[in-house]
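In: heads up, no residue letters with this:
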């Protein structure tokens, strides 16, 4: 029997994977994918809770999240492309001029 | 008809607006027509108002018109209200009448100036301000007019601001006047504190029916403070120094502002507040003494000046001294009468000198004039009338008014006042005829290339001269001793209050018999003596002044340098102020204020320098901060309690 706990744990693992990926990877596209992973981890827990609580609210939120994620993907990829055209790299360690 | 009084103010301000806003795009003729027309209409309405006032019985000749309520703050109320009574109606006639003539004259005089519309805009604004000053029915509105005429004076003295001397003179006039106006403003505040009103009628009623005895300390302080304002505006000792420098402005301006109208504002103010002044014998003594001393002092400087306009400037100061002397001894009517006649003949003299300067292509030094009599005959004849009028020969205007002041200063004041005034009258006759002889008679000392261009002024300049000459001739008949029309007309303003008669002098409500005719003979003799001395020195023996100057070298130097008053003021006030200001600038402003402001900025920058290393530019670091923060919050919520 797969209980709520399983879903929560899976969601937590996926989220942590995303966080760690954002923290340690250097390729902007991978970081971007890690962010998507975090979003979807949250989606998973939303759906799980919705099912467990017999409420549609969680499911509704997932749609919102997916919409935002889609929009964000478009904008984020566009930024990455623009950065790549300028600097010919997507290594974020080379993209560090936004500072003092 | 009295209800029209608001229009008197309206027309000049419309003229100002049109010329100020659109003057640049209008044709010169249009600008001139707008300016003259607005003052002309204003004059017309003034005449109507004056007639309306005459139709009323003498005791009812006070009309107040509230335009709107201006300031209401607690118990403090100031209305924008106008007041027509014999005094103000006389003043508006003089201001608009003389002002109209000078506007017409200016059309001719300024026709080549590139600031033509600016000039007329200022001149209209001045007329408006001066009318506001004399028509207001409370102290605050009067103060607005008082300041506004000062502003216009500043603008017009500095009209040719490209010249350093002109802009310096403008600043000097403005700053010196500030000193006086400071006192004036304090006086108004004290009036409000004392009487809880600033309305003329209310204040004067409260003063005469209140608990203030003659010589009350508060009233003395109020009147002295107001008089301080008058010394600034009306160029009396010790604040007279700006007026001679004010001659840097265009000559019609000197005629209108610095001779005929604005400088008489102080005299008007004292006459308006006669109820307060008569309650304070001490202030009256101060006013009379300063007036008398100024009359003599300025006249003596005028004896040796060589610039035609400066002689007239010192003459103006001296004549204003006469008016203050008259007010100071309680003869307000005589003061206002002299104000009026002086407006006629001094405007005439200034415009005449302007015509001379115009003819000589800008020359103002009398040593480079002479023999102009035949070249500019109209100017000469009118100037002669003006000179005779100011010197005080019967039956010209100046004779009657000056004679009345001399008489009153003897009867109401004392012998010393009379003596000073008489000596000053002698000086006046002398320096005015010296001016006349040096300018119009004798050998021509004009430069050759200037001499070729000498021409009589155009008609729009000579006609005002002729009208003013006519007024200088007949103006005096308003105040013939014994049957003085002006005395009766002004009586409700000056006579209707219980304190008007100063103790001990109440016997001279009207001229006593015998006195006036003897006085007339004496003052005529004084004038004739002055004139004949001038004739001897400047026509018969032109070498005499030089020899005298050499023999009385020191006195001559002293007079020529105006008693070194400017230099003394420079050392006493200007230099110390500058030194203190520089110290304040360098130590307080630059060191302390700027130092503390910059210090705070530097402190913030120093902190920023340390903390900016948090900003690495690596996304990983920022993400780490966020995660660390989240973990921290989670830990806090889970294990916190």
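Out: Structure's in. What do you need? In this text the structure is predicted, and so the values were computed from the model without any measurement.

In: could you check the distance from the spatially most central residue of chain B over to residue B:254?
Out: Residue closest to the average C-alpha location in chain B (CA atoms, centre = their mean): residue B:263, at 2.0 Å. Computed as CB to CB, to the nearest Å, the residue B:263 to residue B:254 distance reads 10 Å. C-beta coordinates here come from the backbone N, C-alpha and C atoms, glycine included.

In: Pretty sure the residue nearest to the centre of chain B sits against residue B:257.
Out: Yes. Residue B:263 lies in contact with residue B:257 (CB atoms under 8 Å); the separation is 7.4 Å.

In: coming back round to it: spit out the contact partners of the closest residue to the residue nearest to the centre of chain B other than its chain neighbours.
Out: Closest residue to residue B:263 apart from its sequence neighbours, by CB to CB, 6 or more residues apart in numbering or on different chains: residue B:234 at 5.1 Å. When contacts are counted by CB atoms under 8 Å, 6 or more residues apart in numbering or on different chains, residue B:234 is found next to B:263, B:264, B:265, B:266, B:267, B:320, B:323, B:324.

In: ok, the third one to residue A:44 distance?
Out: What that stands for is residue B:265. Distance from residue B:265 to residue A:44, by CB to CB: 90 Å.

In: Can you tell me the number of residues neighbouring residue B:183?
Out: 19 (other CB atoms under 10 Å in any protein chain shown).

In: counting contacts, what elements does the helix or strand hosting it pack onto?
Out: Per DSSP states H and E: residue B:183 is located in helix B:164-195. Applying 3 or more CB pairs under 8 Å, 6 or more residues apart in numbering or on different chains; DSSP states H and E, one finds that helix B:164-195 makes contact with helix B:139-157, helix B:200-209, helix B:217-233, helix B:242-245.

In: Report all helices and strands that the longest one contacts.
Out: Okay, so that is helix B:139-157. strand B:63-73, strand B:76-84, helix B:116-135, helix B:164-195, helix B:217-233, helix B:265-272.

In: can you pull the buried residues of it?
Out: Neighbour counts using 16 or more other CB atoms under 10 Å in any protein chain shown place B:139-150, B:152-157 of helix B:139-157 among the buried residues.

In: counting contacts, what elements does the longest helix along chain A pack onto?
Out: Ranked by number of residues, the top helix in chain A under DSSP state H is helix A:57-87. Under the contact criterion of 3+ CB pairs under 8 Å, 6+ apart, helix A:57-87 touches helix A:28-53.

In: Where does residue B:585 sit: helix, strand or coil?
Out: helix (DSSP: H, G, I helix; E, B strand; the rest coil).

In: low-confidence ranges in the chain?
Out: Reading this off chain A. A:100 (pLDDT under 70).

In: oops, chain B please
Out: Using pLDDT under 70, the flagged stretches of chain B are B:482-483, B:496-515, B:641.

In: List the residues that contact the residue of it found nearest chain A.
Out: Taking CB to the nearest CB as the measure, chain B has residue B:617 as its residue closest to chain A, at 3.3 Å. When contacts are counted by CB under 8 Å, 6+ apart, residue B:617 touches A:96, A:97, A:98, A:99.

In: Same question for residue B:82.
Out: B:5, B:6, B:9, B:64, B:65, B:67, B:135, B:136, B:137.

In: repeat that for 10 Å
Out: Contacts here follow CB atoms under 10 Å, 6 or more residues apart in numbering or on different chains; on that basis residue B:82 touches B:2, B:5-6, B:8-9, B:49, B:63-67, B:88, B:131-132, B:134-137, B:141.

In: One more: residue B:20?
Out: Here residue B:20 is in contact with B:13, B:117, B:118, B:120, B:121, B:122, B:124, B:125 (CB under 10 Å, 6+ apart).

In: still on that earlier bit, now the contacts of residue B:82: which count as buried?
Out: Buried among the contacts of residue B:82 (16+ other CB under 10 Å): B:2, B:5, B:8-9, B:49, B:63-65, B:88, B:131-132, B:134-137, B:141.

In: Count the residues that sit near the residue lying closest to residue A:39 once chain neighbours are set aside.
Out: In this structure, residue A:39 finds its nearest non-sequential neighbour in residue A:69, 5.0 Å apart by CB to CB, 6+ apart. By other CB under 10 Å, the residues close to residue A:69 number 16.

In: and residue A:69, what does it touch?
Out: If you count contacts by CB under 10 Å, 6+ apart, then residue A:69 has A:35, A:36, A:39, A:40, A:43, A:76 around it.

In: Tell me how far the fourth one lies from residue B:116.
Out: Okay, so that is residue A:40. Relative to residue B:116, and taking CB to CB, residue A:40 is found at 81 Å.

In: which of the two has more neighbours?
Out: residue B:116 (21 against 17).

In: okay if I get the helices and strands packed on helix B:164-195 as CSV plus distance to residue B:431?
Out: Shown next, in CSV, are the helices and strands packed on helix B:164-195 (distance: least, CB to CB, whole Å):
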stretch, distance to residue B:431
helix B:139-157, 23
helix B:200-209, 38
helix B:217-233, 23
helix B:242-245, 14
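
In: Just tell me which of those ends up closest to residue B:578.
Out: helix B:242-245 (17.9 Å; CB to CB).

In: Now do the closest one: distance to the chain's middle.
Out: Put simply, helix B:242-245 sits 11 Å off its chain's centre (CA atoms, centre = their mean, to the nearest Å).

In: In terms of secondary structure, what does that helix contact?
Out: If contacts are counted by 3 or more CB pairs under 10 Å, 6 or more residues apart in numbering or on different chains; DSSP states H and E, helix B:242-245 sits against helix B:139-157, helix B:164-195, helix B:281-302, helix B:308-328.

In: so how far is the longest one off the chain centroid?
Out: Computed by CA atoms, centre = their mean, the separation of helix B:164-195 from the middle of its chain amounts to 12 Å.

In: Give me the buried stretch members for it, please.
Out: For helix B:164-195, by 16+ other CB under 10 Å, it's B:166-167, B:169-170, B:172-174, B:176-177, B:179-181, B:183-188, B:190-192, B:194-195.

In: quick one: it to helix B:217-233, angle?
Out: 160 degrees (axes from the mean of the first three to the mean of the last three CA atoms, to 10 degrees).

In: Please apply the same query to the first one.
Out: Angular relation of helix B:139-157 and helix B:217-233 on a 0 to 180 degree scale: 20 degrees, by the same axes, to 10 degrees.

In: Can you name the two of the contacts of residue B:234 that sit furthest apart?
Out: B:265 and B:324 (12.3 Å).

In: which one of the two has more residues nearby?
Out: residue B:324 (29 against 26).

In: mind listing what's buried in stretch B:568-587?
Out: residue B:569.

In: Kindly check the end-to-end length of that stretch for me.
Out: 28 Å (CA to CA, to the nearest Å).

In: What of stretch B:441-452?
Out: Stretch B:441-452 end-to-end distance (CA to CA) = 18 Å.

In: Contacts for that stretch, please.
Out: B:359-363, B:365-375, B:380, B:433, B:438, B:453-454, B:535, B:538-539, B:542.

In: Make a PyMOL selection of whichever of those residues turn out to be buried.
Out: The PyMOL command for the buried members of these (criterion: 16+ other CB under 10 Å) is given here:
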select buried, chain B and resi 359+360+363+366+369+370+371+372+373+375+380+433+438+454+535+538
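
In: And residue B:203, how close does it get to residue B:292?
Out: 28 Å.

In: To clarify, my last question referred to residue B:597.
Out: Taking CB to CB, one finds residue B:597 at 54 Å from residue B:292.

In: Between the two, which is the more surrounded one?
Out: Ranked by neighbour count (other CB under 10 Å), residue B:597 and residue B:292 place residue B:292 first, with 26 against 10.

In: What residue, apart from its backbone neighbours, is nearest that one spatially?
Out: Nearest to residue B:292 is residue B:420, by CB to CB, 6+ apart, at 4.4 Å.

In: That neighbour and residue B:289 touch, don't they?
Out: Yes. Using CB atoms under 10 Å, residue B:420 is in contact with residue B:289, at 9.1 Å.
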